[in-house]
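*Asks:* Here you go, sequence then predicted model.
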There are 2 protein chains.
Amino acid sequence: MVDKPLKMKKSERTRAAIEAAARRLFAEHGYERTGIRDIAAAAAIDPAMVIRYFGSKDRLFAEVADFDLGLPDVASIDPAHVGRTLVAHFLALWEGDSANGGLPVLLRSAASNEFAASRIQQLFAAQVLPVLLSLGPPATASQRAGLVASQILGLALTRYVLALPPVVALDRETILAEVGATVQRYAIGG
Amino acid sequence: MVDKPLKMKKSERTRAAIEAAARRLFAEHGYERTGIRDIAAAAAIDPAMVIRYFGSKDRLFAEVADFDLGLPDVASIDPAHVGRTLVAHFLALWEGDSANGGLPVLLRSAASNEFAASRIQQLFAAQVLPVLLSLGPPATASQRAGLVASQILGLALTRYVLALPPVVALDRETILAEVGATVQRYAIGG
DNA sequence: TCCTTTTGTCAACATTTGTTGACTTTTCTC
DNA sequence: GAGAAAAGTCAACAAATGTTGACAAAAGGA
């Protein structure tokens, strides 16, 4: 046990299975409506294992909700297209089936889960706000970040959580153009 | 029992008390986190009465969620200020402590409650879309409604549900100007 | 006052929830 | 193969959930 085996240990495989199932179910039904037994069933394991591996439902949720927006570096963004760039990035974040699917998880539960809500707040404060700082008067950065958040999270809410038909029907290019223009205006400042 | 008494019957007063308590708690904690016993305690009555008066938790929620946006008539809106007008109306709808506080209730639960989600969809399809129909090409009305919904609901989500500090900090006039301009552009069509 | 209807109280139900501990099976090392 | 550690199984717990029915108090009409 001094050296880690090259092949993934069985325990890590089940741990990953639990995490994947949890991510999917939390993102689909939210925190309250997803039970330990549901997650266990989806991962084809015993409910007790979920607790054994993650301690509690809260800790499992926290683990799944802990991720990174992975925004491009401030310097590498063309200030003339921040809006479009940001929107494109978030679109990829929502539609990617990667392990980074934490954003759907968060937004689905944030309305009735304080932890998820404060996590979203942290994400925007720590990762979006810095990008906006250099794009306009620093004094208004917080206000600009708020407006950007209202539009980006609104798009995510209506398209991926509520799935309002008119918003779901929007094609990628329209979103990039229309919403991109809005975010651009918010980001630069009026 | 042929005629209704002029004064409110005692039963109607408790019924109203339950409804008020339910509205407040549903709006504050969402559907799943609000228990029948919580509502009963807030209304200072017995939990069984909640069921007696409303049949079930679902039906009570449906009752509380049944309301009207009360948008101004299409004809009475100045097309040059639709955006500002709409935003102002929704702001009032959110901040008003009136009996029409159904909108916070809906949005707080919509993420994990299918009924609430489809109710929101109905509201926009039946009340917002008609307003936009005459403001631009009818063929794009649905798309414009989707964009408007993404911004308005996004504002509501971040300001009243998630309470993101930068969005909460926005003063009324800034919101009317900035978000109003966005909604205006969406509503008219690009 | 008597009787009926309304309004409210109480205890209990079945189910589901997250979580735990005792136990067995598998896996790996010596 | 023996023994130890890890991984998995099973049954049960306490608490909370929505809901129900039997019963008591109050109100209103005759």
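*Replies:* That came through fine.

*Asks:* who's in contact with stretch A:66-81?
*Replies:* Stretch A:66-81 has contacts (CB atoms under 8 Å, 6 or more residues apart in numbering or on different chains) with A:85-86, A:89, A:93, A:100, A:102-103, A:123, A:127-128, A:130-131, A:133-135, A:180, A:184, A:188. For the C-beta atoms, the positions are set from N, CA and C on the backbone; glycine is no exception.

*Asks:* same for DNA strand C: which of these are within range?
*Replies:* Among the contacts of stretch A:66-81, no residue sits close to DNA strand C (CB under 7 Å from any atom of the strand).

*Asks:* burial count for the residue of chain A found nearest DNA strand D?
*Replies:* Nearest to DNA strand D in chain A, going by CB to the nearest atom of the strand, is A:Ser11, at a distance of 2.6 Å. The number of residues packed near A:Ser11 is 11, by other CB atoms under 10 Å in any protein chain shown.

*Asks:* could you list every residue that touches it?
*Replies:* Contact partners of A:Ser11, counting by CB under 8 Å, 6+ apart, are A:Tyr53.

*Asks:* Which helix or strand contains it?
*Replies:* Element membership for A:Ser11 (DSSP states H and E) is helix A:10-29.

*Asks:* low-confidence ranges in chain A?
*Replies:* A:1-9, A:97-100 (pLDDT under 70).

*Asks:* again, only using 50
*Replies:* Under the criterion pLDDT under 50, the flagged ranges of chain A are A:1-7.

*Asks:* Which parts of chain A are strands?
*Replies:* Ranges of strands in chain A, per DSSP state E: none exist.

*Asks:* Tell me the spatial nearest neighbour of the residue in chain A that chain B sits nearest to, not counting adjacent residues.
*Replies:* The minimum distance from chain A to chain B, using CB to the nearest CB, falls at A:Gly154 (1.6 Å). Nearest residue to A:Gly154, sequence neighbours excluded (CB to CB, 6 or more residues apart in numbering or on different chains): B:Gly154, at 1.6 Å.

*Asks:* give me every residue that touches that neighbour.
*Replies:* B:Gly154 touches A:Ala149, A:Ser150, A:Gln151, A:Ile152, A:Leu153, A:Gly154, A:Leu155, A:Leu157, A:Thr158, counting by CB under 8 Å, 6+ apart.

*Asks:* Now for the first one, how many residues are close by?
*Replies:* Read that as A:Ala149. A:Ala149: 28 neighbours (other CB under 10 Å).

*Asks:* Surely it and B:Thr158 touch.
*Replies:* Yes: counting by CB atoms under 8 Å, B:Thr158 is a contact partner of A:Ala149 at 5.3 Å.

*Asks:* shared neighbours of the two, which are they?
*Replies:* With CB under 8 Å, 6+ apart, A:Ala149 and B:Thr158 have common neighbours B:Leu164, B:Val167.

*Asks:* Domain boundaries for chain A, per the record?
*Replies:* Following automatic domain parsing, one finds the domains of chain A at A:10-65, A:74-188.

*Asks:* Please render the ones you listed as CSV that adds distance to B:Ala141 to the earlier fields.
*Replies:* Formatted as CSV, those follow (distance: least, CB to CB, whole Å):
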stretch, distance to B:Ala141
domain A:10-65, 31
domain A:74-188, 9
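
*Asks:* Need the winner for burial among those domains.
*Replies:* Neighbour counts (mean count of other CB atoms under 10 Å in any protein chain shown) averaged over each of the domains of chain A peak at domain A:74-188, with a mean of 19.

*Asks:* gap between the two ends of that domain?
*Replies:* One end of domain A:74-188 sits 14 Å from the other (CA to CA, to the nearest Å).

*Asks:* Let me know whether it sits next to DNA strand D.
*Replies:* No: residues of domain A:74-188 contacting DNA strand D under CB under 7 Å from any atom of the strand: none, with a closest distance of 12.8 Å.

*Asks:* Measure how far that domain is from the centre of its chain, please.
*Replies:* On the basis of CA atoms, centre = their mean, to the nearest Å, domain A:74-188 sits 10 Å off its chain's mean C-alpha point.

*Asks:* same deal with stretch A:25-42?
*Replies:* 17 Å.

*Asks:* Which positions in chain A make contact with DNA strand C?
*Replies:* A:1, A:5, A:10, A:34-38, A:47-48, A:50-52, A:55-58.

*Asks:* Apply 6 Å and report the result again.
*Replies:* Within reach of DNA strand C by CB under 6 Å from any atom of the strand, chain A has these residues: A:Gly35, A:Ile36, A:Arg37, A:Pro47, A:Ala48, A:Ile51, A:Ser56, A:Lys57, A:Asp58.

*Asks:* Just these: which are in helices?
*Replies:* Secondary structure from DSSP state H places A:Ile36, A:Arg37, A:Pro47, A:Ala48, A:Ile51, A:Lys57, A:Asp58 of the residues of chain A next to DNA strand C in helices.

*Asks:* Quick one: those residues as a markdown table, columns for distance to A:Phe26 too.
*Replies:* As requested, these are exported to a markdown table (distance: CB to CB, whole Å):
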| residue | distance to A:Phe26 |
| --- | --- |
| A:Ile36 | 12 |
| A:Arg37 | 14 |
| A:Pro47 | 16 |
| A:Ala48 | 19 |
| A:Ile51 | 16 |
| A:Lys57 | 10 |
| A:Asp58 | 12 |
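
*Asks:* Mind putting those residues into CSV with distance to DNA strand D?
*Replies:* Shown next, in CSV, are these (distance: CB to the nearest atom of the strand, whole Å):
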residue, distance to DNA strand D
A:Ile36, 10
A:Arg37, 9
A:Pro47, 7
A:Ala48, 3
A:Ile51, 9
A:Lys57, 13
A:Asp58, 15
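
*Asks:* which ones are touching the closest residue to A:Gly180 other than its chain neighbours?
*Replies:* Leaving out its chain neighbours, the residue that sits closest to A:Gly180 by CB to CB, 6+ apart is A:Arg84, at 3.7 Å. Contacts of A:Arg84 were listed using CB under 8 Å, 6+ apart, and they are A:Leu176, A:Ala177, A:Gly180, A:Val183, A:Gln184.

*Asks:* All set, thanks.
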